[in-house]
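Q: curious how this folds, go ahead:
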Amino acid sequence: MRRPVLILSALAYALLLAGCGDKSTPAENKGGAEASEHAEGEEHAEGEAGHAEGEGEEGGGHADEVPSTTMPAQRAAANGVRSERVGQGTIADQHEVQGLLTPVEGSIAKVQARFPGPIRSLRANVGDTVRAGQPLATIESNLSLTTYTVSAPISGVVLARDASVGAVATEGFALYEIANLGDLWVDLHVFGRDAQHIGPGNAVVITRMSDGETAETRIERILPSTATASQSTVARARIRNSDGMWRPGSAVRARITVDEQATAMTIPLTAVQKAGEEDVVYVVAGEKYTQRVVRLGKRDARRVEVLSGLKPGEVVVTEQSFLIKADIEKSTAEHDH
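A: Numbering: from 1, shown residues only. Got it, this is the predicted structure:
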């Protein structure tokens, strides 16, 4: 009877050991599963973070994109787009004044009757261009009862005609006034302390008010007396009236250069546009136009100094730059939509 009892005891002990092993295994499996799920969660989170970071970098790339556009060379030329290479230049210290055109001394002549008598003919009118020696009138002399001819003493333009056919001309009576307007004086009125900086030799750019035409010349002299009406100092310069459109008595504008300063880089003022609060230019590379922010310095009526934003030798748009600006703004708007 003792043998079966021993066998049963052995079986019970074996079952007890098996039961203990089964209790530990589920706990370990549960811990492993949780660790695996945690690792997978971390990997998923890292993947999402990496994707978000990639999107952020891509978004940042769009934010930092430099505005630019392309324009075929033929279209640019047709629209009047012109460019210039950036380089050294000068900025002028200029004074803007106004003035008046007057004939040069000795350029005006009067056409006079030599003997008294009735005027039989007049052959020129105000505004006509005449040449020296050209017959302008005939008068019947009361002394000799013969007709004599009065000719133009100089070549020029008829400014005045003070006679009429049938009237009696006295000796020395002025029939016409003729002026040679090939050269004219420009009397520039300078006020206050500006007169201290202006003298003979200063460069002057004269602008015709009627059509904006300009002429370049230099101050020849400073008149000794002050203009009574304006109490200004008069600086006198001579201009060549090659097209005959500079008319005596006409008002003009002028820029007198009193000093010039050399700079490392200058560009025309027409090259500069505004983008928000910043000054920008458009750099040309083939058919591509790229917007570039610049910092500007001294300027005059035509050019401006570039302190930063460009390098010598780069090419920028100098004419019709607003067309490039409009093209870039249009492209940006379409891209945003």
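Q: so who does residue 315 touch?
A: 83-86, 283-285 (Cβ atoms under 8 Å, 6 or more residues apart in numbering). To be clear about C-beta, it is placed using only N, CA and C from the backbone, and glycine gets the same treatment.
Q: low-confidence ranges, the stretch 201-337 of the chain, go.
A: By pLDDT under 70, the low-scoring segments of the stretch 201-337 of the chain are 228, 334-337.
Q: please, where are all the strands along it?
A: 203-208, 214-227, 232-240, 251-268, 273-275, 278-285, 288-293, 295-299, 303-308, 315-319 (DSSP state E, counting those that start in this stretch).
Q: can you list those in CSV and add distance to residue 191?
A: Formatted as CSV, the strands of the stretch 201-337 of the chain follow (distance: least, Cβ to Cβ, whole Å):
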stretch, distance to residue 191
strand 203-208, 16
strand 214-227, 10
strand 232-240, 5
strand 251-268, 12
strand 273-275, 33
strand 278-285, 32
strand 288-293, 39
strand 295-299, 23
strand 303-308, 26
strand 315-319, 34
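Q: to residue 128, which of these lies closest?
A: Shortest distance between residue 128 and the strands of the stretch 201-337 of the chain, using Cβ to Cβ, is found for strand 232-240: 21.6 Å.
Q: the closest one: how far from the chain's middle?
A: 28 Å (Cα atoms, centre = their mean, to the nearest Å).
Q: packing partners of it?
A: In terms of contacts (3 or more Cβ pairs under 8 Å, 6 or more residues apart in numbering; DSSP states H and E), strand 232-240 is packed against strand 183-190, strand 203-208, strand 214-227.
Q: so how far is the first one from its chain's centroid?
A: The offset between the C-alpha centroid of strand 183-190 and the centroid of the whole chain comes to 27 Å, using Cα atoms, centre = their mean.
Q: can you give me the buried ones in it?
A: Residues of strand 183-190 classed as buried by neighbour count (16 or more other Cβ atoms under 10 Å): 184-190.
Q: repeat that for the last one.
A: Across strand 214-227, burial judged by 16+ other Cβ under 10 Å covers 215, 219.
Q: which residues in the protein form helices?
A: 2-63, 73-78, 321-336 (DSSP state H).
Q: buried stuff in the shortest one?
A: Judged by neighbour count using 16+ other Cβ under 10 Å, the buried positions of helix 73-78 are residue 76.
Q: now do stretch 166-175
A: 169, 173, 175.
Q: the second one contacts residue 113, doesn't it?
A: Right, the one you point to is residue 173. Yes. Using Cβ atoms under 8 Å, residue 173 is in contact with residue 113, at 4.8 Å.
Q: nearest approach to residue 139 belongs to which of the strands of the stretch 201-337 of the chain?
A: Closest approach to residue 139 among the strands of the stretch 201-337 of the chain (Cβ to Cβ): strand 232-240, 36.3 Å.
Q: just the residues contacting the closest one, thanks.
A: Counting by Cβ under 8 Å, 6+ apart, 97, 104, 182-191, 195, 198, 202, 204, 206, 215, 217-223, 225-227, 246, 254, 256 sit against strand 232-240.
Q: apply 6 Å and report the result again.
A: Contacts to strand 232-240, defined as Cβ atoms under 6 Å, 6 or more residues apart in numbering, come from residues 183-191, 195, 198, 204, 206, 215, 217, 219-223, 227.
Q: repeat that for stretch 100-110.
A: Applying Cβ under 6 Å, 6+ apart, the set of residues contacting stretch 100-110 from outside is 153-154, 174, 177-180, 183-185, 187, 246, 248, 250-251.
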